[in-house]
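Q: quick one: sequence and predicted model below, then my questions.
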Amino acid sequence: MRELFPMKQVNGFIFSLLLTVVALSVYFLEMSFQLGMTILIVTAFVQAGVQLIIFMHAGEGEDKNAIYTTLFYGGFLGLVTVLGSLLAMIWGYL
Amino acid sequence: MEFFERFAVPHPSPMIYASMVAIGLVIIAIIAGLSYFKKWGYLWNEWLTTTDHKRIGIMYIISALLMLFRGGADAVMMRLQTAVPENTFLDAQHYNEVFTTHGVVMIIFMAMAFIIGLMNFVVPLQIGARDVAFPRLNALSFWLYFAGAMLFNISFVIGGSPDAGWTNYYPLASTDFSTSVGVNYYNWALQISGIGTLISGINFIATIMKMRAPGMTLMKMPMFVWSALITNAIIVFAFPVLTIALLMGTFDRQLGTFFFATDNGGMDMMWANLFWIWGHPEVYILILPAFGVYSQIIATFSERNLYGYTSMVASMVVISLLSFLVWVHHFFTMGQDAMTNSIFSITTMAIAVPTGIKIFNWLLTMWKGKIRFTTPMLYSVAFIPLFTIGGVTGVMLAIASADYQYHNTMFLVAHFHNVIIPGVVFAMIAGLIYWWPKMFGFMLNERIGKWAFWFIVVGFCLAFFPMYITGLDGQARRMYTYSEATGFAPLSMLSFIGAALLAVGFAIIVYNIYYSFRNSPRNIGSDPWNARSLEWATHNPVPEYNFAVTPEVVSSEALWDAKKRGHKLFKNKIEKIHMPNNTGWPIIMAGLFFVFGFSFVFFIWSGVIISGLAILGCMAYRSFKQDDGRYIPVEEIKETEDKFGGANE
């Protein structure tokens, strides 16, 4: 029974519900804009990770390395584009 | 009649009307010629529907050469206009249209097509594969590129050319300042061909990662394959940014949004930022395959192993990483603070280090080598000092504070032509001459080729070195004329003479192709250059299945070691070969994309909806179609191999 029961998926599901609740708290509780955005960004990325790894089986196939490389590359692309644009257009703009 | 008024050219001239007539006549001549010689079936079956990477590569290269002449004609017109002060050959508007077209055509439709064409032809051969990983997608890539190129090229006779520069900065490119449909053409032509490039990028990464011959580990790949792999990784990084930026531009111009507007919360400088996030990696997309070509050619004609293989690979990886982190140097003067400019200044200068390593590696490859000065080698040898000058002026431009002086002057124009022409164009010509026997089974005449080389090198130096001086004297780029008192006249005239010599050089190359086609011997064997890598282990021209037997590789110089150390490349018996079928949907789908883009440019919504649905229909058709390819039987392979004088077993 223990082998058949999808413990990992159930735990993952509970964890992703928990993340949703934490994200929702931003709307229902009084908090500063900065804190709210931080919570949203962190929970969003963790949520995406949970979905990819547990429910889309990113780490289980033969092409695990290719999938993770692509994911990290995509993340790098996004970070460079967004942070670089912020640097050039807002933070570092006179 | 009202419907057709939108297609009128807003700023016509006798030259544009003459071009219309010429285009019409050429189309009629092509249709008549194909019908008269009954070549429609041949064209459709052998070329337009092909999935063979070699033929797709050749079609890319032919398109690139056509675009080279289109962009080259624009270049000569610009130099002619500025050859003397107060010239009236072109007016300001035409000059704007000409330099915009020149930039876009040369970068997107000439250089990109040339490198992807060479990659298409060479990469599968060098890794011992039969085709790319996704042959049908490869055909789609080419046809999307071609549809985009044609869409861009008709703009000057239908509706008006884009005129906001190849960088297309907002707010100039917005509907407030660019009122014709020109910038719509820019958006859609680049969008469509950009999708093709992105597909190519994924295709080649998959090909190189998954389809190498047995024994070819990553560190045993020929240097051109390494450069192709890294280039395609950059393509996959950079092109999505362009796709989104173009889409935002289209939304602004055609659907009433305010992304790049100066009011309503828009940010016009965001375009420049996004454009160069794509645009700077783009110049490394162009130069890295060129480095790969030079590495092959210099090793071959020095008869030595490429010096410092590992450092060559490492320096390309470092260049590719740094290429993502330097884009702000294109707009140092836009208003960032000293800290931000310094960051990008330092990353930019850092690129000189890995590039310098590569230069030294090439020099050390030639050191004590048995150098043969063939035409491809001449281009490679000329590349080293000329590119170094371009690199040094690049470091000058990278100094942010000094850039306030150079920015938007002819100094900058001289710099980027100085890296792109000896870097990319020389490499593409050298590569074309080098791999020509592989493509067509005969060699280009060396004597005529060397004439062309000298015209091109001298023409290049005369055309662009004067611009460094006039740039430092304050001549702004993109100015359609200047007064006598500025003193730019003598050097500008020199520059025009250089441009004319370049044009003569390219004309000689075309004559050389004609001459060699008529006169060159066909019995050149499979390895006329005494080369080192795998593509020379099969016949000239290459049979459709590339290698009758899959080669097995133990070193990075597979063929050389087979010749000199007796490594055996082909160990197995001939077996039936699995090949992809030809298919018509890529060209049909690209045709629909052309209709879609054209309709969108002119706000013809019925055309947009119908062709959009038809594109989705094509995708659905492709998704449900079973096509597992075909097998070439052993007898047929043996027959083909016998025609070439026996299999390489």
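A: Yep, it's here.

Q: neighbours around residue 7, how many?
A: I went with chain A, as the question did not name one. Each residue near residue A:7 was counted by other C-beta atoms under 10 Å in any protein chain shown, and the total is 10. In short, each C-beta sits where N, CA and C put it, glycine included.

Q: sorry, should have said chain B
A: Residues lying near residue B:7 (other C-beta under 10 Å) number 12.

Q: got it, and residue B:363?
A: When neighbours are counted by other C-beta under 10 Å, residue B:363 registers 12.

Q: skipping adjacent residues, who's closest to it in space?
A: residue B:384 (6.9 Å; C-beta to C-beta, 6 or more residues apart in numbering or on different chains).

Q: look up phi and psi at the one you found.
A: Dihedral pair for residue B:384: phi -60, psi -60, per degrees, to the nearest 10.

Q: wait, isn't residue B:80 in contact with residue B:88?
A: No. Contact criterion C-beta atoms under 8 Å: residue B:80 and residue B:88 do not qualify, at 11.5 Å.

Q: these two: which is more packed in?
A: Neighbours of residue B:80 and residue B:88, each counted by other C-beta under 10 Å, are more numerous for residue B:80; the result is 15 against 9.

Q: tell me how far the residue lying closest to residue B:364 once chain neighbours are set aside lies from chain A.
A: Nearest residue to residue B:364 in three dimensions, chain neighbours excluded: residue B:307, at 4.1 Å (C-beta to C-beta, 6+ apart). Separation of residue B:307 from chain A (C-beta to the nearest C-beta, to the nearest Å): 30 Å.

Q: tell me the domain ranges of chain B?
A: Annotated domains of chain B cover B:10-48, B:49-583+B:627-643, B:584-626 [automatic domain parsing].

Q: now the shortest one: buried residues?
A: Residues of domain B:10-48 classed as buried under the neighbour-count rule (16 or more other C-beta atoms under 10 Å in any protein chain shown) are B:11, B:16, B:47, B:48.

Q: which among those residues gets closest to residue B:286?
A: Using C-beta to C-beta, the shortest approach to residue B:286 within the buried residues of domain B:10-48 belongs to residue B:47, at 26.3 Å.

Q: pretty sure the closest one sits against residue B:56.
A: No. Judged on C-beta under 8 Å, residue B:47 makes no contact with residue B:56 at a distance of 9.2 Å.

Q: pick out the residue of the stretch 501-649 of chain B closest to chain A.
A: Nearest to chain A, among the residues of the stretch 501-649 of chain B, is residue B:623, at 20.9 Å (C-beta to the nearest C-beta).

Q: now for the buried residues of domain B:10-48, which pair is the farthest apart?
A: Farthest apart among those by C-beta to C-beta are B:11 and B:47. That separation is 36.9 Å.

Q: which SSE is the residue in the stretch 201-350 of chain B that chain A sits nearest to in?
A: Closest residue of the stretch 201-350 of chain B to chain A, C-beta to the nearest C-beta: residue B:340 (3.0 Å). Residue B:340 is part of helix B:338-366 when elements are defined by DSSP states H and E.

Q: which non-adjacent residue is nearest the residue of the stretch 1-150 of chain B found nearest chain A?
A: Nearest to chain A, among the residues of the stretch 1-150 of chain B, is residue B:133, at 12.7 Å (C-beta to the nearest C-beta). Using C-beta to C-beta, 6+ apart and skipping residues adjacent in sequence, the residue nearest residue B:133 is residue B:206, 3.9 Å away.
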